[in-house]
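Q: Just the structure for this:
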Amino acid sequence: MTLSSIALIGVPAATADEQQTTAEQNTAAKPSVIINEVYAGNTKAAGDPDSKRCDWVELKNTGSTDVDVKGWGIYDSGKKAKKHYTIGASEVTNTDTVIKAGGYLVAYIDPDKAKPAKTCDAAPDMKVSSIKSDNLIVTILATSNCDDKNASTKFNDSATRLTLQDSDDNVVADAVFDFSGDNAKTISGDTGTKIKVSYASSQYYRPANEIGANPSDLSVKSVTGSDKGAGAAASSDSGVISGSNVTDDEAENNASKALDWQVEHDKDSAELFYSTYTAQLSSKRKGMEAEGKTWNYRDILAQFITMHNKNSNVLLIWSGDWPAYSSNSDKYYVILAGEGFDSTDEAWNWCKANNYGPNDCMPIDLQ
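A: Residues are numbered from 1 along each chain as shown. So this is what the prediction gives:
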């Protein structure tokens with residue numbers, strides 16, 4: 001038995017230098033015990049009090065008060081975390097479990113009496129830590145939700161759906177991720193585990209720069225054993241897990257709601273064009289035959305996001321909300337340039353300057 005990667009339950013699992021810094025900052029608030037040294041694969045060093053050749057872990061109390069570590073756990077912090085050792089129990093041999101202030105304790109570990117790591121089935125708490133807008137790479141902080149502080153959660157389902165929602169529970173990104181095998185995570189302790197995932201352009205439902213503007217406003221919904229569709233995000237970033245699409249029906253439902261949200265969001269800005277001109281860039285509706293395909297909600301949303309990425313002033317409206325379109329019984333999602341012009345000539349010139357043809361860009365006054 002070797003201890004190649006271990007952590008101590010009861011204090012944050014960090015490096016000695018990091019924990020020393022934390023201890024100096026928080027000495028008055030709480031004691032701080034760190035893993036100071038590890039000896040694995042013991043074949044030559046002195047044996048434990050029972051004269052066995054056990055691996056051992058040296059703990060150091062960096063605080064200013066004595067600390068009794070009886071009942072604290074030492075465990076393998078790797079992905080599998082198979083072994084768990086409780087200080088003061090038979091599998092960890094030491095004569096005293098109290099570490100004096102500034103003192104040390106050597107815990108000799110008997111591999112023959114190791115206990116399996118404690119686990120629980122409670123889903124971890126998850127929150128968005130940061131977002132890289134280029135490819136919508138999202139860093140999620142997952143923390144244990146186990147009642148037993150010594151237990152950990154296995155995050156290893158092969159079809160985990162992670163849905164990002166805004167403060168009003170509107171879906172902004174949605175995909176299914178494979179956390180089995182090398183992607184598996186063990187989540188334990190208060191410090192949490194960071195998980196990086198990537199959403200493809202077909203898996204998010206607002207412009208990426210808008211999603212990334214306020215990461216702390218987003219929540220994460222996790223569902224295991226989810227159905228998935230085709231397609232996956234591609235990322236060259238190390239340690240980032242790409243996701244498969246949700247089912248077509250779920251993606252279409254997400255896109256429909258996202259279009260309605262965007263229309264409502266852009267309505268106040270569109271009212272500026274009651275008294276001046278802007279340019280219409282597209283008008284589409286579900287089921288429409290145009291440009292060699294039958295348009296669905298996902299296609300319409302994707303076109304809007306693509307145009308918004310090119311020009312952040314771009315707006316989305318519903319034609320039924322505006323007098324300019326009242327003569328047409330069919331209603332459309334309309335993409336506007338969001339630029340204001342004093343005349344139709346000025347609008348036409350803008351269309352030409354931005355490489356739009358006469359069938360793709362035209363002046364419009366919403367009144």
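
Q: for the stretch 251-367 of the chain, what spans make up the helices?
A: Remark: helices assigned in the stretch 251-367 of the chain by DSSP state H, counting those that start in this stretch are 297-310, 344-353.

Q: Reformat the ones you listed as TSV; add mean pLDDT, mean neighbour count and distance to S144.
A: Every residue, glycine included, has its C-beta placed from N, CA and C. Listed next are those as TSV, based on pLDDT from 0 to 100; neighbours: other CB atoms under 10 Å; distance: least, CB to CB, whole Å:
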stretch	mean pLDDT	mean neighbour count	distance to S144
helix 297-310	95	19	36
helix 344-353	96	15	55
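
Q: Would you reformat those helices as TSV and include distance to D248?
A: As requested, the helices of the stretch 251-367 of the chain are exported to TSV (distance: least, CB to CB, whole Å):
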stretch	distance to D248
helix 297-310	8
helix 344-353	34
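
Q: The ones you listed: which one's closest to G63?
A: Closest to G63 of the helices of the stretch 251-367 of the chain is helix 297-310 (CB to CB; 52.1 Å).

Q: closest to W261 out of the helices of the stretch 251-367 of the chain?
A: helix 297-310 (10.3 Å).

Q: so how far is the closest one off the chain centroid?
A: 23 Å (CA atoms, centre = their mean, to the nearest Å).

Q: Give me the below-cutoff pLDDT ranges for the stretch 51-200 of the chain.
A: Scanning the stretch 51-200 of the chain for pLDDT under 70 picks out 51-53, 75-95, 110-118, 189-190.

Q: Out of the helices of the stretch 251-367 of the chain, which is closest to F179?
A: helix 297-310 (25.8 Å).

Q: between the helices of the stretch 251-367 of the chain, which one is nearest to S130?
A: helix 297-310 (20.3 Å).

Q: got the CA coordinates for the closest one in CSV?
A: Only the C-alpha atoms of helix 297-310 are listed here, as CSV (Å, rounded to 0.1, in the frame of the first residue of the first chain):
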residue,chain,number,x,y,z
TYR,A,297,-36.4,27.7,-33.2
ARG,A,298,-32.8,26.6,-32.8
ASP,A,299,-31.9,27.9,-36.3
ILE,A,300,-33.5,31.2,-35.6
LEU,A,301,-31.7,31.6,-32.3
ALA,A,302,-28.4,30.5,-33.7
GLN,A,303,-28.7,33.2,-36.5
PHE,A,304,-29.5,35.9,-33.9
ILE,A,305,-26.5,34.9,-31.7
THR,A,306,-24.1,34.8,-34.7
MET,A,307,-25.2,38.3,-35.8
HIS,A,308,-25.0,39.6,-32.2
ASN,A,309,-21.5,38.3,-31.9
LYS,A,310,-20.7,40.3,-35.0
